[in-house]
Structures are given as structure tokens and as C-alpha cells.
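Chemist: A structural model of the following input is requested.
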Amino acid sequence: MKVILLQDIYKTGVTGEIVEVADGYARNYLIPTGRAIQATKKTIKAHERLTKQVEARRAAYEKKQNEVARIIDGTELLFEKRAASTGKLFGSVTTQEIAEELLRVTGVDINRRRISSQGLREVGKHEVTVRIGTEIQPVLHIIVLREGQMQEFLAKRQAEAAAQAAAAATEAVPTEAAQQAVQAAQQTGS
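Modeler: The predicted structure follows:
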């Protein structure tokens, strides 16, 4: 008898598969226990429609996961923790704390089990991968600072950003002498 399996059955098949089994096995065990239904033309057509719907939902879910992966890739998270003079933390930055901070910073709520890392136990910069999506494997940049160093770190970073912006602005705007040299070269060349 042909049946459509509704559950994975050891040595018989996986969910959704159409298999040929002994009549007694189907009538006395698989069908009464709700593990399979008899494969008729009507049930096969319904099964095919259901399979297409499941594949469409799975593709949409995968697309959404890849979008989330792109959003969180490269996100920087800052943590301030008590640490010894050697740089070892008293405790650790847990995956739960990382997930909560990621939610606060990006608005993306992920399960802590998707973060592939043990607790971070040292002061410094860490790269932590997140298991989500199939197109890219997002990496979180985590900086763990000693307690009381957050303001100093943020001020230093702001000063570096301002210096880079000033350097970019001076490169973009040529000096008066450089403009005169360009004009002189154009006049002699023509």
C-alpha cells in the first residue's frame, strides 16, 4: 500500500515522502497512529500543493534570515565590565548579554544560541560570528572595556573621527597655491 508519511519513521522514510509499505503495517500501525495517510489521487494532489506552500514559506523565511544577517554584519557592541589588572574579567560577557545589546543597538532580536561563542572573559576586541542565513556569516565586533573607561574610549573615538573628517576635507579642497599651479600648467599647455 502507498502511504504519505506525516512523521519521520525509522527505516521507512521522512515526513512528506510517499512510500510503499506492507498493507498490515499501514492499516494496523501507521494510519491509526496518525503517522501516515493512504496515498490516493486526492491526497497526493493535496500533498503536492502543501509541499509547494511549504517550499515557498521556507524560501521567504530564508530570505528574511539573509536580510537580518546583512543588517547585523559588522555591528559593533560595547561592554563595560569589572576586570583585574591582567585584563581578565570578573565574570564574562555572555551570549545573552550580546543578544540583548544587539537588540538595543540594531532592533534585531536573535536567539542567544545563534551566537557562536562562549562567554568573553577578557578585556579587548573580539569578533563573534552569528549563525543566521546562508548567504553570509555575520560577524559582530565586540569591545570589552574596563569599568570606568567607556567615556574615555568614546571621547577618543570621537576625536579620531573628527581628525579623519578634517583630513578628508583638506584633501577634497585644494589649496590656493595648488589651484594657481594647475591654472599655470593649463595656460602653458594650451
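
Chemist: domain assignment for the chain?
Modeler: Here the domain parsing of the chain from automatic domain parsing is 2-65, 69-154.

Chemist: quick one: low-confidence parts of this protein?
Modeler: Within the chain, the ranges that satisfy pLDDT under 70 run 171-190.

Chemist: mind doing that once more with 50?
Modeler: Low-confidence segments of the chain, defined by pLDDT under 50: 190.

Chemist: what's the distance between the residue nearest the centre of the chain and residue 91?
Modeler: For the chain, residue 69 is the residue whose C-alpha lies nearest the centre (C-alpha atoms, centre = their mean; 3.4 Å). Note on residue 69: its distance to residue 91, by C-beta to C-beta, to the nearest Å, is 29 Å. Every residue, glycine included, has its C-beta placed from N, CA and C.

Chemist: and the helices in the protein?
Modeler: Counting by DSSP state H, one finds helices in the chain at the ranges 23-25, 41-72, 95-106, 150-172, 176-189.

Chemist: any buried residues in the second one, and which?
Modeler: To tie it back to what came earlier, the one meant is helix 41-72. Under the neighbour-count criterion of 16 or more other C-beta atoms under 10 Å, helix 41-72 has 47, 65-66, 68-69, 72 buried.

Chemist: and for stretch 16-33?
Modeler: Buried residues in stretch 16-33 (16+ other C-beta under 10 Å): 19, 21, 26, 30-31.

Chemist: likewise for stretch 93-113?
Modeler: 93, 95, 97-99, 101-102, 108, 110.

Chemist: give the contact list for the closest residue to residue 23 other than its chain neighbours.
Modeler: Excluding the flanking residues, the one nearest residue 23 by C-beta to C-beta, 6 or more residues apart in numbering is residue 1, at 4.8 Å. Shown in contact with residue 1 (C-beta atoms under 8 Å, 6 or more residues apart in numbering): 20-23, 26-27, 38-39.

Chemist: among those, which are in strands?
Modeler: 20, 38 (DSSP state E).

Chemist: any chance of the contacts of residue 1 in CSV, plus distance to residue 165?
Modeler: Below are the contacts of residue 1 laid out as CSV (distance: C-beta to C-beta, whole Å):
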residue, distance to residue 165
20, 71
21, 71
22, 76
23, 79
26, 73
27, 77
38, 72
39, 68
